[in-house]
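# Predicted model and sequence below, questions to follow.
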Number of protein chains: 2
Amino acid sequence: MKLLVVEDEPKTLQAIQQGLEESQFEVDIAYDGLIAKRLALKNNYAAIVTDLILPGLNGYELCRQLRAEGLTTPILMLTALGETDDKIMGFDAGADQFLTKPFQFAELLARVRSLTKRGTQVSMTAQMLRYGGVEMNLDNKSVMRDGQPIDLTAREFALLEFLMRNQGRTLSKPTIAEHVWDINFDTGTNVVEVYINYLRKKIDRDFPAKLIHTQFGMGYMFREE
Amino acid sequence: MKLLVVEDEPKTLQAIQQGLEESQFEVDIAYDGLIAKRLALKNNYAAIVTDLILPGLNGYELCRQLRAEGLTTPILMLTALGETDDKIMGFDAGADQFLTKPFQFAELLARVRSLTKRGTQVSMTAQMLRYGGVEMNLDNKSVMRDGQPIDLTAREFALLEFLMRNQGRTLSKPTIAEHVWDINFDTGTNVVEVYINYLRKKIDRDFPAKLIHTQFGMGYMFREE
DNA sequence: CACCACGCTTAGAAACTGCTTAGAGCATAT
DNA sequence: ATATGCTCTAAGCAGTTTCTAAGCGTGGTG
């Protein structure tokens, strides 16, 4: 679980970083609001811990700008005693929690945990396969060709995924059967042919450029032209 | 706007009460957790301010029991410095905010205002998940759809949270079982299906736009449309 | 050109997947 | 102690997918 800690005071920063790392978090650090902003938008942190007073961009502005960019990462803001007005501003800016310095590290840890632990996200970046106008989204199991959605069953999807991962390569029926069906191709089954047929109906039939090619006696190939 | 203030130390109580009344709040008071509980359930307060250490029922127990009764009134808990462990317990119990003594009255007032501002209240303090008209408050475990409160059990809540955190993604039953139940999906169990069914009855049945979609042979997806 | 192996297509049977309900076993609250 | 509510298992059913099997078309080869 990756965190971003933003703090310009080296000693404090080091203490927080070390403590969090001992608690199994990965920690990125920034001394400066502008760097923090860039990092926060680039990486997908589980949470951001930021000081209020910072060079470059203060915690309040950082918070506001990140929210304006649509970032929903939880933000914990550290404030010094007596910065009451800033806190109020901070709530408006979209901070999720505040912690007043000086604080016990255990409390910081508890808050970070409460901000991050609830449920787990599976993966962040969309996993896509693209070839010849076909887009396959592995995250939501959807397929498009030339912007047109195509509905596949689980088996058809698995077959197309295998073909796309091996585009340009000739794949024999036994090979396909092993990878997509997890079966030995002994039994004179013709499932592969049947499913190639199903796929062609959905992927190739309504489009001029065919992608699934038969290589007589050898197998199939997924390729443009 | 009616508030409940729970505090056993007469001087502090009086100061808070007076300050809030000067700011146009109506204030009910209680010296004791049990009385506070009865009052909180009977009257519909805009917010509750409570000390942690109380006779009868401490702030932590008060909070937990009110939440268990389904009360969603925002709760601001006052803690003395160094009560770190108690604070951590407080988060689990469903408090919305904490304020460490000694505090400036201006800050208490700001927090109470932010808690009572309907609509903005949640987003400022609580950790929320929002999608497709569903609002999930992770701090007090409440869920609304289109402003209508929805009552979920712990397991249903965990499942919905996982779905919402991964909205737009296809989640296979084994994946769901691992994250929400923490079980290996070997044992031909059908809990996931059963709980998807429970959740649909509560989340989708009474609404025209369905959010939980089945992708046959692949899993489930939480998404609008 | 004719034959044969290989691939294509289709229909329907079999298998599987998901939905729903009832109820047993636990835990928790009264 | 009793009651209430939550979690999970189990079983029946409905719908979809997967696969088999058979007939038909086609390309390559003699």
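Great, that's in hand. Numbering: from 1, shown residues only, chains lettered A, B, ... in the order given.
# same for the helix or strand harbouring residue A:109, what does it pack against?
Here residue A:109 sits within helix A:105-116, counting by DSSP states H and E. Packing partners of helix A:105-116 (3 or more C-beta pairs under 8 Å, 6 or more residues apart in numbering or on different chains; DSSP states H and E): helix A:10-22, strand A:47-51, strand A:75-80, strand A:97-101, helix B:84-93. (Glycine included, C-beta is placed from N, CA and C.)
# Buried deepest among those, which one?
strand A:47-51 (a mean of 26; mean count of other C-beta atoms under 10 Å in any protein chain shown).
# contact partners of whatever helix or strand residue A:39 lives in?
Following DSSP H and E, one finds residue A:39 within helix A:33-42. Helix A:33-42 is contacted from outside by A:4, A:6, A:28, A:30, A:48, A:50, A:54-59, A:61-62, A:65-66, A:69, A:71, A:73, using C-beta atoms under 8 Å, 6 or more residues apart in numbering or on different chains.
# how much space between residue A:98 and residue B:50?
When distance is defined by C-beta to C-beta, to the nearest Å, residue A:98 is 19 Å away from residue B:50.
# ditto for residue A:59
For residue A:59 relative to residue B:50 (C-beta to C-beta), the value is 29 Å.
# Look at residue A:24 and say how many residues are nearby.
7 (other C-beta atoms under 10 Å in any protein chain shown).
# Hmm, residue A:75 and residue A:52 touching each other?
No. Using C-beta atoms under 8 Å, residue A:52 is not in contact with residue A:75; the gap is 11.2 Å.
# How much space separates the residue in chain A sticking out farthest from the centre from residue A:195?
Within chain A, residue A:188 marks the point farthest from the mean C-alpha position, 42.2 Å out by C-alpha atoms, centre = their mean. Separation of residue A:188 from residue A:195 (C-beta to C-beta): 16 Å.
# now swap in residue A:73 and tell me
43 Å.
# Pretty sure residue A:101 sits against residue A:52.
No. Judged on C-beta under 8 Å, residue A:101 makes no contact with residue A:52 at a distance of 9.4 Å.
# Now the common contact residues for the two.
Joint contacts of residue A:101 and residue A:52 (C-beta under 8 Å, 6+ apart) are A:78-80.
# What residues does chain A have near DNA strand C?
Proximity of chain A to DNA strand C (C-beta under 7 Å from any atom of the strand) is limited to residues A:173, A:190, A:193-194, A:196-197, A:200, A:214, A:216-219.
# what's around the residue in chain A that chain B sits nearest to, how many residues?
Using C-beta to the nearest C-beta, the closest approach of chain A to chain B is made by residue A:154 at 3.2 Å. By other C-beta under 10 Å, the residues close to residue A:154 number 13.
# and what of residue A:184?
Residue A:184 has 9 neighbours, counted by other C-beta under 10 Å.
# what's the distance between the residue lying closest to it once chain neighbours are set aside and residue B:52?
Nearest-residue entry for residue A:184: residue A:178, 7.3 Å, with adjacent residues in sequence omitted and distances by C-beta to C-beta, 6 or more residues apart in numbering or on different chains. Distance, residue A:178 to residue B:52, using C-beta to C-beta: 63 Å.
# Between those two, tell me which one has more neighbours.
residue B:52 (22 against 13).
# Can you tell me how far that one is from residue B:98?
The value you get for residue B:52 to residue B:98, if C-beta to C-beta is used, is 9 Å.
# How about residue A:129?
Residue A:129 is 48 Å from residue B:98, by C-beta to C-beta.
# and what of residue A:213?
66 Å.
# How about residue A:155?
53 Å.
# that older thread, narrow the contacts of helix A:33-42 to those that are buried.
A:4, A:6, A:28, A:30, A:48, A:50, A:54, A:56-59, A:61-62, A:65-66, A:71, A:73 (16 or more other C-beta atoms under 10 Å in any protein chain shown).
# Tell me which helix or strand the nearest residue to residue A:185 once chain neighbours are set aside sits in.
Nearest non-adjacent residue to residue A:185, counting by C-beta to C-beta, 6+ apart: residue A:174, 4.0 Å away. Residue A:174 belongs to helix A:173-176 when assigned by DSSP H and E.
# elements contacting that helix?
So helix A:173-176, by 3+ C-beta pairs under 8 Å, 6+ apart, packs with helix A:191-199, strand A:219-222.
# in it, what's buried?
A:173, A:175-176.
# ditto for stretch A:160-172
A:160-161, A:163-164, A:166-167, A:171.
# for chain A, where's the lowest mean pLDDT among helices and strands?
Ranking every helix and strand in chain A by mean pLDDT, DSSP states H and E puts helix A:84-93 at the bottom, with a mean of 55.
# show me the contacts for the residue nearest to residue A:211 when sequence neighbours are not counted.
Excluding its sequence neighbours, the residue lying closest to residue A:211 (C-beta to C-beta, 6+ apart) is residue A:132, at 5.2 Å. Residues counted as contacts of residue A:132 (C-beta under 8 Å, 6+ apart) are A:167, A:209, A:211, A:223-224.
# Equivalent analysis for residue A:180, please.
A:155, A:158-159, A:162, A:192, A:195.
# let's see 6 Å
Counting by C-beta atoms under 6 Å, 6 or more residues apart in numbering or on different chains, residue A:180 touches A:158-159, A:162.
# Check whether the helix or strand where residue A:160 lies comes into contact with DNA strand D.
Per DSSP H and E: residue A:160 is located in helix A:154-165. Yes. Counting by C-beta under 7 Å from any atom of the strand, DNA strand D has neighbours in helix A:154-165: A:154-156.
# How about stretch A:218-225?
No. Using C-beta under 7 Å from any atom of the strand, we find that stretch A:218-225 stays clear of DNA strand D, coming within 10.6 Å at best.
# Report the buried residues of that stretch.
Those would be A:219-223, for stretch A:218-225 by 16+ other C-beta under 10 Å.
# Without its sequence neighbours, what residue ends up closest to residue A:161?
Nearest non-adjacent residue to residue A:161 (C-beta to C-beta, 6+ apart): residue A:136, at 6.4 Å.
# what lines up beside the helix or strand encompassing the one you found in the sheet?
Assigned by DSSP H and E, residue A:136 belongs to strand A:134-137. Paired strands of strand A:134-137, with direction, are strand A:128-131 (antiparallel), strand A:142-145 (antiparallel) (DSSP bridges).
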